[in-house]
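**Q** give the three-dimensional model of this entry:
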Amino acid sequence: MGAGMPVVYVVSDSVGETAEFVVRAAASQFDGGHTELRRVSHVQETGAIDETVAAAREENAIIAFTIVMPQLRAHLLAQAAANGVRTVDIMGPMLQAFADVTGLAPHGKPGLVHQLDEEYFRRVEAIEFAVKYDDGRDPRGLERADIVLIGVSRTSKTPLSMYLAHRRLRVANVPLVPEVAPPEELYRLPKGRVIGLTIRPDKLNLIRKERLKSLGLTPEASYASRERIEQELAYAHRVIQELGCPVIDVSDKAVEETAAVVLEYVFGKGRRPAPA
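**A** Next up, the predicted model:
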């Protein structure tokens, strides 16, 4: 420890990473920049605070804290004042500023920032999963998916996968093409995990023609022909029947509407995942 640098107790009713980061940033502004940190995390009772204050008094230490539970915060401030221990309230001024501007009271619940982080990383993981296992690229991912979408080309499998990924669900999708047998892994999945997507032939004809135009190709290609479309849809219907999975007609549905039906099938009424 650098000469003259105090011991700092980092006290929190959560992990304490925020306070530790601030303390280290402040210490770096002094020659040497090394101070001894002692983290006291997940404080839920006054006894832990009393012990920390007593130890800080003995060592002439500073207490830096991020306690959002009002009663614990008040107890720490009172005990520190009574014992002549210097404290730094890392969260208090910012909480008060938000309260003053919004007119709202803070939740006073520890660890919310870490819950938000966890939700964020789950969403990122789900999006990466949807990209990796899009369009049947790797059938090994099917068994790890929360939902598997199947259907012919241009039935909104990819945008639906991404929409559901933002709800923190791992979604894979598999195109159904008459010339390519579905992956064996698909037949090993629980029925409730696979959702079939279908569409009216006339609607699919229009969508595929527009797709061909956007690629600079002639809309008369077999990809958009009625005969080819009906052949593909008939094949997809047979596969869906073999799997015994539910099927959703996406002809007149927005992605959000289809997603709501998917969630209803997979989770059942009243058991949907939390909003994104």
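**Q** helices of the stretch 101-250 of the chain, start to end?
**A** 112-132, 157-165, 201-214, 226-243 (DSSP state H, counting those that start in this stretch).
**Q** so which bits of the second one are buried?
**A** Residues of helix 157-165 classed as buried: 157-158, 160-165 (neighbour count, 16 or more other CB atoms under 10 Å). C-beta: built from backbone N, CA, C; applies to glycine.
**Q** quick check, nearest of the residues you listed to Glu264?
**A** Nearest to Glu264, judged by CB to CB, of the buried residues of helix 157-165 is Leu164 at 12.6 Å.
**Q** need the contact list for the closest one.
**A** Residues in contact with Leu164 (CB atoms under 8 Å, 6 or more residues apart in numbering) are 126, 130, 147, 171, 259, 262-263.
**Q** state the distance from it to Val266.
**A** 9 Å (CB to CB, to the nearest Å).
**Q** just Gly92 next, same as before
**A** Gly92 is 44 Å from Val266, by CB to CB.
**Q** out of the two, which sits in the more crowded spot?
**A** Set Gly92 next to Val266 and count neighbours by other CB atoms under 10 Å: Val266 wins out with 19 against 16.
**Q** isn't Ala64 up against Ala19?
**A** Yes. In this structure, Ala64 is within contact of Ala19 by CB atoms under 8 Å, at 4.8 Å.
**Q** give the residues shared as contacts by the two.
**A** In contact with both Ala64 and Ala19: 10-11, 90, using CB under 8 Å, 6+ apart.
**Q** closest to Ala26 out of those?
**A** Closest to Ala26, out of all of these and judged by CB to CB, is Ile90, at 10.4 Å.
**Q** can you count the residues close to Val7?
**A** Neighbours of Val7 (other CB under 10 Å): 17.
**Q** give the contact list for it.
**A** Val7 neighbours (CB under 8 Å, 6+ apart): 1, 35-38, 56, 59-62.
**Q** could you say which helix or strand holds Ala55?
**A** helix 46-59 (DSSP states H and E).
**Q** the following helix or strand past that helix packs against which elements?
**A** Later in the chain than helix 46-59, the nearest helix or strand by DSSP H and E is strand 62-66. Here strand 62-66 touches strand 8-12, helix 17-27, helix 46-59, helix 70-83, strand 86-89, going by 3 or more CB pairs under 8 Å, 6 or more residues apart in numbering; DSSP states H and E.
**Q** centre-most residue in this structure?
**A** The C-alpha lying nearest the average C-alpha coordinate of the chain belongs to Arg123 (CA atoms, centre = their mean; 2.7 Å).
**Q** does it touch Met162 like I think?
**A** No. Using CB under 8 Å as the test, Arg123 is too far from Met162 to be in contact (11.1 Å).
**Q** and the contacts of stretch 179-193?
**A** So stretch 179-193 is in contact with 136, 139-140, 142-143, 145-148, 150, 174, 176, 194, 239, 242-245, 265-266, going by CB under 8 Å, 6+ apart.
**Q** at 7 Å instead, please
**A** Stretch 179-193 is contacted by residues 136, 139, 142-143, 147-148, 174, 176, 194, 239, 243-245, 266 when judged by CB atoms under 7 Å, 6 or more residues apart in numbering.
**Q** can you add distance to Val43 and pLDDT and give those back as a markdown table?
**A** Conversion of the contacts of stretch 179-193 to a markdown table gives the following (distance: CB to CB, whole Å; pLDDT from 0 to 100):
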| residue | distance to Val43 | pLDDT |
| --- | --- | --- |
| Gly136 | 51 | 91 |
| Pro139 | 49 | 92 |
| Leu142 | 45 | 95 |
| Glu143 | 42 | 93 |
| Ile147 | 41 | 95 |
| Val148 | 45 | 97 |
| Val174 | 50 | 97 |
| Leu176 | 56 | 97 |
| Val194 | 47 | 96 |
| Val239 | 57 | 97 |
| Leu243 | 53 | 95 |
| Gly244 | 53 | 94 |
| Cys245 | 50 | 94 |
| Val266 | 40 | 84 |
